[in-house]
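Visitor: Following is a predicted model, sequence given first.
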Amino acid sequence: MTKLEDIRNGASVAGLVPNQTVEAISVEWIGDQAINVVYRASNGSVAETTLYRDDEHRLGIESRGRKWSFDADGALLRLVTEANRIKLAHFFDPYLAIHTSLVDPLPHQISAVYGEMIPRQPLRFLLADDPGAGKTIMAGLLIKELIARSDLERCLVVAPGSLVEQWQDELGEKFGLEFDILTRDMIESSRSGNPFNDNNRLIARLDVLSRNDELQEKLTASTEWDLIIADEAHRMSATYFGNEVKYTKRYQLGQQLSRACRHFLLMSATPHNGKEKDFQLFMALLDGDRFEGRFRDGVHVADVEDMMRRLTKEELLRFDGRPLFPERRAYTVKYELSPQEAELYTAVTEYVRNEMNRVQRFAEDDGKKRNNVGFALQILQRRLASSPAAIYQSLKRRRERLENELSEAKLATRSTPSSLSKTSISDEMLRNLDEYGQDEIDDLEELISTGATTAETVEQLELEVQTLKGLESMALEVLRSGKDTKWQQLDRILDDDLMLDPDGYRRKLIIFTEPKDTLEYLREKVVARLGRPDAVDVIHGGVSREERRKVVERFMQDRDLLVLIANDAAGEGVNLQRGHLMVNYDLPWNPNKIEQRFGRIHRIGQTEVCHLWNLVAKDTREGEVYARLLEKLEAAREALGGRVYDVLGELFEERALKDLLFEAIQYGEQDEVKARLFQTVDGAVDQSHLLHLLQKRQLTSDTMPEARVQELRLEMERAEAQRLQPHHIQSFFVEAFKRLGGQIKRREEGRWEITHVPLSVRERDRQIGSGAPLQKKYERICFEKGKINQQPVAAFVYPGHPLLEAVISLVREENDHLMKQGAVLVDDTDDGTDVSALFLLEHSVQDGRPTSSGNANVISQKLQFAAIDEAGNVTNAGIAPHLNLRPATPEEIGGVEDVLNADWLRGDLEKKVVQFATVELAQGHVAEVRGRRLPEIDKVEQEVKARLKKEINYWDSRAFELKEQEKAGKKTRLNWQNAQRRAEDLAERLKRRLELIDQERFISAQPPRVRGGMVVLPRGLLRERMPAEMADVGSGFSEDPVARREIELKAMEAVMAVERELGNRPEDVSAQKVGYDIASYDPNVDHMRFIEVKGRIDGADTVMITRQEVITSLHEPEKFILAIVQVGDGYVHAPRYLRGALDTREPPFDQNAIQFNINRLLERAKAPA
């Protein structure tokens, strides 16, 4: 049994912390019955505890080899070092989420995630790129990257109800991320009573949360979320009415979400409604201090450059520099009503006008009733414009509903209809109707349009029913006549040349309408026109989400489905870019919906010019106004391009378009009203006004110039060359899995079958996993994206996959102690004689904010391999030097025993390496983090101070004014004490925020930590000591170390010179040891070339290629070049280039290098070109 006396400084002690061994840093006796121990845990954190004699039974001193004895099993050390490298994969693969996800992200998506969001700690950000830019892809990459960096365990996505399944599908299918959707069953069956605590990855419907106070209480009480993402976040808006803020339930939910997480990401393509004060309320969700108080023009200036990213469609480019989105073209198709249709239009419009005039008397007494009846009449008018079927069915249902109410009133001998008053919705719902799902809108419209009436007596109701009967009869006559001029226009469009492709096949078309009645009416018409029922399908609010997904999938994949007829249930979050032709059969009274609809086809993946036909009746009052708008808009598009469609929702700032259209219906026969309406429309679409809106809409100075795209592409090419997926992951997994008792067989190229997953691996997954449990066997697994969808479909194994994570966890648990014990390995590519020691170093930078657990808040980490020689020189050892080494045999270790027992290897090597890291690594790391973070922090401090001080001054001044007024005997709505208290509260808030900012500014380095080490023997030393054993190993080097180094330098110089002659821009990166020696930019093809240089003496018969170099060639076969340069008698032969992969597959894990015959390589090589 271990005694307290056995615990000394530097000892490895088990039992201080559950399930791990820690290092005792300081031991202090307290009498003779207790000791105080300061220790360092395996994650590098330092803690303190007191041990008593009673604790001795659970203590143990680690005795599996002394620290840095370098006598561990070299193969296992190599394996556990790679396990640690994969566990910390983001240090070695900076774009890990991209390489392990089933997406091919575009430049703007990569720059958003890796340039804007990942570096921010904490993240409080608005992603506001245009619709169709792939914001869900960016969110998925962000989540996966944060998980890889151990910065995310709990994530909540809040989205509109129609989008939650799409979020779940995309995160699962493209990123391998399992998210559950918050459902009623989940809430009711919660084990803890709080579903937010039971689930670490959750998707919730926006209105399920915003309308449920009990759920919001549980959200507030739950464990802090690492990241919350709010999609379509503009729905969480608040608005100023006069001097008063109207906080919607959604906005209040947004405030709760902001408080419930560390990282908060808002996603919206339309964050600005044209009103700066509303926009600042919205931004206050991210930082309440920076946007405190009501926006006052000339007083509050908002700089949001560091809080949001906004790129418009026109700025987005592909990697080859071509525009990402094709051109958009819109056509206005004006038509005249037939005499019979015109008669019906006049009659229904007159009914609507008369009823609206009667509605005005409710203005004073019952504003709610006025709004409901007004809304009902608007619906009737829109359905009148939609189709004969829609107006007939609407009039019929309204007449039937009012007749029923009339009968009930007569039977009950009431003089006043009673139940009609119940047919109402709140003013807030009416104001925000566009924010509801289409199924909810359909239900509300049906409820109001059939029930809301101005009738207050039975007599008035009887009169209205009679009027409706007459209108219903007229509508039925028009419907039965079959003369529908609007349909005739659509019929002509179906014959347009654009409807057929060059081979004569009909192209896919989307038709947008509004009422379900029109939608079904059109379905019958189009089916009859095309002669095939399977060629037409529909989406509306009554179609279930699952069925909706099937329809969209069929539209995208089935060439027999030619026409999709939809209302705005398909106007948001639905991808329909398989088609590029669209008709607005019904024009929405909210112009923003035109862009939303257009965005269904004009999105990533669309390669064709997008065409939109807008149908409008030019001889109707509202049609005249809309036609004017579309004409002016088309003229503006010719001058300003497709960008004009991006600001449709902001054209009418003072009065909404729907109000203008309804005014036209009511008073459009008056010339002065028509002139004023036209003037309003002309002003809204005036070119200077549009330019102003486009500039204002930009909100930030974000751009994505072609030079930045090129820079990003070259950066990605470098990352591709050194990624971990697939080859490093595959070779490690196969080796480790077999060592753990797993049975795995290679099947098709790049694909494997697992016939047995060991119980230990499955048990480990149960302990650490969070998703579906591991299977006992897998018919196929693969490590390469392109190998998944062969038959049978393979499970894609990558960092984060439970199978790989369980294997890594077991390898580390069983062998991590070897990292500090060390082993002896051999470098077969080094013909020198100098021994070195190799260490894996970790360094962290922290700020002054404590985490929720009280630990230091780490804001940046780095991992690096460093080599130290006998003279104490420390150099960068590359990204994975252990993979290019093999375990030394017992004979080899015996042959160099005196070297291994040298004083410098037995001394305090770790101390020297830590000193190097402290000066060379940590100092630069801290400077880099400060250089990035301090300007950001200064910006936040400046903005917070400016805003809160202005608010404090305002309320101080207001308190003084109020006090003076009260002294003068004047009555005030607000007393001066409340104003003064408000100023004091804001001052206290400013003080607390500045204290927090000071903590963020306190950036410092943690002591560097050595995670592992090994001694490296060069092959040249073994050949010198053991000539007989090494006789069969060829050499391509000169025996003289000086001459050998000279050959290497001359070879590098020759290749660098050749690259410059070719017009390329070469860079020597050999010191970085990344798997190639020269990174050369070729401006002719605008790509990188990765060149590994092998300089050999004339007559050499072999060349040794390291494992890392072989895998680099497999990662970038089109860009990899092996340059062979022969040198003899002072003459340097012209380099020969061998392009492409050096082998057909990666070497087995235990193979550190491959020896190639030089002559055979030269036979395949060519002159540089």
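Guide: Everything's here; your move. Since the structure is predicted, the reported quantities are computational estimates derived from the model, not experimental observations.
Visitor: can you tell me which residues contact Tyr52?
Guide: Tyr52 makes contact with Gln33, Ala34 under the criterion Cβ atoms under 8 Å, 6 or more residues apart in numbering. In short, each C-beta sits where N, CA and C put it, glycine included.
Visitor: Look at it and report its pLDDT.
Guide: The predicted structure scores Tyr52 at 93 on the pLDDT scale.
Visitor: hmm, who's touching stretch 39-51?
Guide: 4, 7, 13, 16-17, 20-25, 30, 34-38, 59, 816, 842, 844, 855-856, 1006, 1009.
Visitor: Could you do stretch 890-907 as well?
Guide: 70, 824, 826, 835, 837, 870, 872, 1015, 1017, 1021-1022, 1025-1026, 1029.
Visitor: Show me what counts as buried in that stretch.
Guide: Glu892, Ile893, Gly895, Val896, Val899, Leu900, Leu905 (16 or more other Cβ atoms under 10 Å).
Visitor: same deal with stretch 325-334?
Guide: Quick answer for stretch 325-334 (16+ other Cβ under 10 Å): Phe325, Pro326, Arg328, Ala330, Thr332, Val333, Lys334.
Visitor: again with stretch 545-565
Guide: Arg548, Arg549, Val551, Val552, Phe555, Leu561, Leu562, Val563, Leu564, Ile565.
Visitor: Flag the shaky bits of the stretch 601-750 of the chain, pLDDT-wise.
Guide: Within the stretch 601-750 of the chain, the ranges that satisfy pLDDT under 70 run 639, 642-643, 645-650, 652-655, 668, 695-702.
Visitor: can you map out the strands along it?
Guide: Under the criterion DSSP state E, counting those that start in this stretch, the stretch 601-750 of the chain carries strands at the ranges 610-617, 743-746.
Visitor: Please name the residues that touch the nearest residue to Leu471 once chain neighbours are set aside.
Guide: Excluding its sequence neighbours, the residue lying closest to Leu471 (Cβ to Cβ, 6 or more residues apart in numbering) is Leu395, at 5.2 Å. With contact set as Cβ under 8 Å, 6+ apart, Leu395 has these partners: Val348, Leu380, Leu468, Leu471, Glu472, Ala475.
Visitor: helices and strands of this structure: which one has the lowest mean pLDDT?
Guide: helix 362-365 (a mean of 53; mean pLDDT, DSSP states H and E).
Visitor: Following the chain onward from that helix, which element is next?
Guide: helix 367-386 (DSSP states H and E).
Visitor: quick one, that next one and strand 610-617 angle?
Guide: 110 degrees (axes from the mean of the first three to the mean of the last three Cα atoms, to 10 degrees).
Visitor: any idea how far the helix or strand just after helix 367-386 is from the chain center?
Guide: As assigned by DSSP H and E, the chain's next helix or strand after helix 367-386 is helix 388-411. Here helix 388-411 is found 50 Å from its chain centre; the criterion is Cα atoms, centre = their mean, to the nearest Å.
Visitor: Next, format the strands of the stretch 601-750 of the chain as TSV and append mean neighbour count and distance to Val1132.
Guide: Below are the strands of the stretch 601-750 of the chain laid out as TSV (neighbours: other Cβ atoms under 10 Å; distance: least, Cβ to Cβ, whole Å):
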stretch	mean neighbour count	distance to Val1132
strand 610-617	23	59
strand 743-746	12	43
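Visitor: quick one: which of these is nearest Gln679?
Guide: strand 610-617 (19.4 Å; Cβ to Cβ).
Visitor: Which strands and helices lie in contact with the closest one?
Guide: strand 328-335, helix 485-493, strand 581-584, helix 592-601, helix 621-640 (3 or more Cβ pairs under 8 Å, 6 or more residues apart in numbering; DSSP states H and E).
Visitor: what's the closest of the ones you listed to Arg930?
Guide: Of all the helices and strands packed on strand 610-617, helix 592-601 comes closest under Cβ to Cβ, at 41.9 Å.
Visitor: re the thing from before, restricted to buried residues, select the contacts of stretch 890-907 in PyMOL.
Guide: Of the contacts of stretch 890-907, the buried ones can be selected in PyMOL as follows, counting by 16+ other Cβ under 10 Å:
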select buried, resi 70+824+826+835+837+1015+1017+1021+1022+1025+1026
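Visitor: and of the contacts of stretch 890-907, the nearest to Met704?
Guide: In terms of Cβ to Cβ, no member of the contacts of stretch 890-907 lies closer to Met704 than Ala837, at 46.3 Å.
Visitor: Now for that closest one: which residues touch it?
Guide: Ala867, Ile868, Leu905, Leu909, Gly1013, Met1014, Val1015, Val1016.
Visitor: Ok, Arg886 next?
Guide: Taking Cβ under 8 Å, 6+ apart, one finds Gly74, Arg78, Leu825, Val826, Asp828, Asp1150, Gln1151, Asn1152, Ala1153 in contact with Arg886.
Visitor: could I get these as JSON lines with distance to Pro887, pLDDT and secondary structure?
Guide: JSON lines is the format used below for the contacts of Arg886 (distance: Cβ to Cβ, whole Å; pLDDT from 0 to 100; DSSP: H, G, I helix; E, B strand; the rest coil):
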{"residue": "Gly74", "distance to Pro887": "3", "pLDDT": "96", "secondary structure": "helix"}
{"residue": "Arg78", "distance to Pro887": "7", "pLDDT": "97", "secondary structure": "helix"}
{"residue": "Leu825", "distance to Pro887": "6", "pLDDT": "97", "secondary structure": "strand"}
{"residue": "Val826", "distance to Pro887": "7", "pLDDT": "96", "secondary structure": "strand"}
{"residue": "Asp828", "distance to Pro887": "12", "pLDDT": "92", "secondary structure": "coil"}
{"residue": "Asp1150", "distance to Pro887": "8", "pLDDT": "94", "secondary structure": "coil"}
{"residue": "Gln1151", "distance to Pro887": "12", "pLDDT": "94", "secondary structure": "coil"}
{"residue": "Asn1152", "distance to Pro887": "9", "pLDDT": "94", "secondary structure": "coil"}
{"residue": "Ala1153", "distance to Pro887": "13", "pLDDT": "92", "secondary structure": "strand"}
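Visitor: Longest helix in this structure, please.
Guide: Criterion DSSP state H: the longest helix present in the chain is helix 923-967.
Visitor: How far away from the center of its chain is that one?
Guide: That offset, for helix 923-967, works out to 31 Å (Cα atoms, centre = their mean).
Visitor: And the next helix or strand past it?
Guide: helix 976-1001.
Visitor: top of the contacts of Ala837 by neighbour count?
Guide: In terms of neighbour count, Met1014 stands highest of those at 28 neighbours, by other Cβ atoms under 10 Å.
Visitor: So what pairs up with that one in the strands?
Guide: Leu838 (DSSP bridges).
Visitor: can you pull out the helices in the stretch 1-150 of the chain?
Guide: 74-87, 96-99, 107-110, 135-148 (DSSP state H, counting those that start in this stretch).
Visitor: Of these, which is nearest Val609?
Guide: Closest among the helices of the stretch 1-150 of the chain, using Cβ to Cβ: helix 107-110, at 21.3 Å.
Visitor: Tell me the secondary structure at the closest residue to Ala455 other than its chain neighbours.
Guide: Among residues not flanking Ala455 along the chain, Leu461 sits closest, at 4.0 Å (Cβ to Cβ, 6+ apart). Look at Leu461: counting by DSSP: H, G, I helix; E, B strand; the rest coil, its state is helix.
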